[in-house]
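Asks: quick one, what's the 3D model for this:
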Amino acid sequence: MDLTFDLVVVGAGVVGAACAYHATRSGLSVCVVDRASLAAGTTGAGEGNVLVSDKEPGPELGLALLSNALWRSMAAVPVCGTTFGARAELDPKGGLVVAASAASLSDLADLAQRQRAAGVEAEPVAADALRQHEPNLAADLAGGYRYPQDMQVQPMLATALLLRLARDAGAVLLLGEAVTGFTRHRGRVTGVRTPRRELAAGAVVNCAGTWAGEVAALAGVHVPVAPRRGFVLVTEALPRVVRHKVYLADYVTGVASDSAALQASPVVEGTPSGTVLIGATRERVGFDRTWSPDAVRKLAAGAVRLFPFLADVIALRGYRGFRPYCPDHLPIIGPDPRAPGLWHACGHEGAGIGLSAATGRLITQSLRAEATDLPLDPFRPERFDEVAA
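Replies: Down below sits the predicted model:
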């Protein structure tokens, strides 16, 4: 059976769900199609970061600030007999970025000053005051900054709820159907093909995460999205012993690194269920899912460096996933002039959960030919062709 929509969203992760949510709210008819289940890729392997603290001033920080405001506005939306915020475990707990040395603290202070000029709330915390915010922190840290805007959300719950709200507004969800090609008319993308049907649409948005390059190639265009593997450890349930998202300042450097080699910097946070999540590693090894004892050892050692009590805590499990990495560390958002009718919303690397709310809003505004809240030029899909030329 063939179906017709205003928009087909390829990918049922959090970015695709946010696009579907915003598009249906604007009155567009939407179909979400995914070869697997919802949140089966990068989203399901994420920690749920909704951060402004880890971004340098520029287009991505602007996107993060917009998204932060949108997530906060979502908190009160009624869903499933309660609110989105309660059901999705949206926790406005704030972030605490700490420095291990005076030099690192100086660099962090410079970053915080520039972030504040861009609209970020960043509060200096002296070394002797750190444990007022996190009583179990190591005692030998040089100081840090508290970021009240940082939040956490449970990514699979958030995705499911966004799709629930989209379906309540009329969206159709087709899971277990891989997109195998695009339909065209006079050079314009007019829909997608799956093994079961054709889905006709006024527009298609590629939200395929780490596999967005493969989807783009079906339309004859190139977007350089590549996998960047990461591991996370999960501890046994504890009392709320970590109050913020806490990480060492060099985490920002690791995020911005272009190295394919293993990058590890401790990121530690508690969850409403009581478990503690421990990240973060990054490495470019293709889609190799091999378990890495070296990466996991570095995660554990880094976490104990920040919170010594974790040395006696049991790690129940670990998981891994692939972040959709772009060479310039900016996502790809907007229409593709090389394939009219095709939009992209991909390449967010490890920030896709946090940035999804703004991405969905910007895509919808662009589809409706409305003024966008932020300029899309820094995120345009064809920018990589311009660099190659």
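Asks: run through the stretch 51-200 of the chain and note the low-pLDDT ranges.
Replies: Counting by pLDDT under 70, the stretch 51-200 of the chain has no low-confidence residues at all.
Asks: hey, where'd the strands end up in it?
Replies: Using DSSP state E, counting those that start in this stretch, the strands of the stretch 51-200 of the chain run over 78-79, 82-83, 95-99, 123-126, 143-147, 151-152, 172-175, 181-185, 188-193, 198-206.
Asks: what about the ones you listed, which gets the closest to residue 68?
Replies: Across those, residue 68 has its closest neighbour in strand 151-152 (7.1 Å, Cβ to Cβ). From N, CA and C alone the C-beta is placed, and that goes for glycine too.
Asks: mind listing residues that contact the closest one?
Replies: Identification of contacts with strand 151-152 by Cβ atoms under 8 Å, 6 or more residues apart in numbering yields 47-51, 68, 71-72, 89-94, 245, 269, 271, 354.
Asks: what residues are up against residue 290?
Replies: Per Cβ under 8 Å, 6+ apart, neighbours of residue 290: none.
Asks: any figure for the gap between it and residue 339?
Replies: From residue 290 over to residue 339 the distance is 35 Å, taken as Cβ to Cβ, to the nearest Å.
Asks: buried sites along stretch 281-288?
Replies: Applying a neighbour-count criterion of 16 or more other Cβ atoms under 10 Å, one finds 281-284 buried in stretch 281-288.
Asks: nearest to residue 224, of those?
Replies: Minimum distance to residue 224 across the buried residues of stretch 281-288 is 12.1 Å, recorded for residue 284 (Cβ to Cβ).
Asks: residue 91 contacts residue 153, doesn't it?
Replies: Yes: using Cβ atoms under 8 Å, residue 91 is in contact with residue 153, at 7.3 Å.
Asks: more crowded one of the two?
Replies: Taking other Cβ atoms under 10 Å, residue 91 and residue 153 do not tie; residue 153 has more neighbours (29 against 20).
Asks: quick one: contacts for that one?
Replies: Taking Cβ under 8 Å, 6+ apart, one finds 48, 50, 71, 88-91, 353 in contact with residue 153.
Asks: who's sitting farthest from the centroid in this structure?
Replies: The C-alpha centroid of the chain is most remote from residue 186, which lies 35.4 Å away (Cα atoms, centre = their mean).
Asks: gap between it and residue 342?
Replies: Residue 186 sits 14 Å away from residue 342, going by Cβ to Cβ.
Asks: over to residue 326?
Replies: Residue 326 sits 17 Å away from residue 342, going by Cβ to Cβ.
Asks: those two: which has the busier surroundings?
Replies: When neighbours are counted by other Cβ under 10 Å, residue 326 and residue 342 differ, and residue 342 comes out ahead with 26 against 22.
Asks: list the contacts of that one.
Replies: Residues in contact with residue 342 (Cβ under 8 Å, 6+ apart) are 182, 189, 203-206, 216, 219, 221, 335-336.
Asks: export these to TSV and tack on neighbour count?
Replies: Formatted as TSV, these follow (neighbours: other Cβ atoms under 10 Å):
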residue	neighbour count
182	21
189	23
203	23
204	29
205	32
206	34
216	25
219	22
221	20
335	20
336	21
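Asks: so which of the residues you listed is the closest to residue 121?
Replies: For these, the minimum distance to residue 121 (Cβ to Cβ) is 32.1 Å, reached by residue 205.
Asks: the nearest residue to the closest one once chain neighbours are set aside: how many residues sit nearby?
Replies: Spatial nearest neighbour of residue 205, chain neighbours left out: residue 343 (4.2 Å); criterion: Cβ to Cβ, 6 or more residues apart in numbering. Around residue 343 there are 24 other residues, counting by other Cβ under 10 Å.
Asks: quick one: residue 343 is in a strand?
Replies: Yes: counting by DSSP: H, G, I helix; E, B strand; the rest coil, residue 343 is located in a strand.
Asks: now do the same contact list for it.
Replies: So residue 343 contacts 203-206, 334-336, 363, 366-367 (Cβ under 8 Å, 6+ apart).
Asks: look at the spatially most central residue of the chain and report its pLDDT.
Replies: The chain has residue 352 as the residue nearest its centroid, 1.8 Å off, counting by Cα atoms, centre = their mean. Residue 352 carries a pLDDT value of 97.
Asks: so it sits against residue 210, correct?
Replies: No: the pair residue 352 and residue 210 does not pass the contact test of Cβ under 8 Å, sitting 9.8 Å apart.
Asks: give me the common contacts of the two.
Replies: Common contacts of residue 352 and residue 210, defined by Cβ under 8 Å, 6+ apart, comprise 42, 323-324.
Asks: now tabulate those residues in a markdown table and tack on secondary structure.
Replies: Shown next, in a markdown table, are these (three-state DSSP):
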| residue | secondary structure |
| --- | --- |
| 42 | coil |
| 323 | strand |
| 324 | strand |
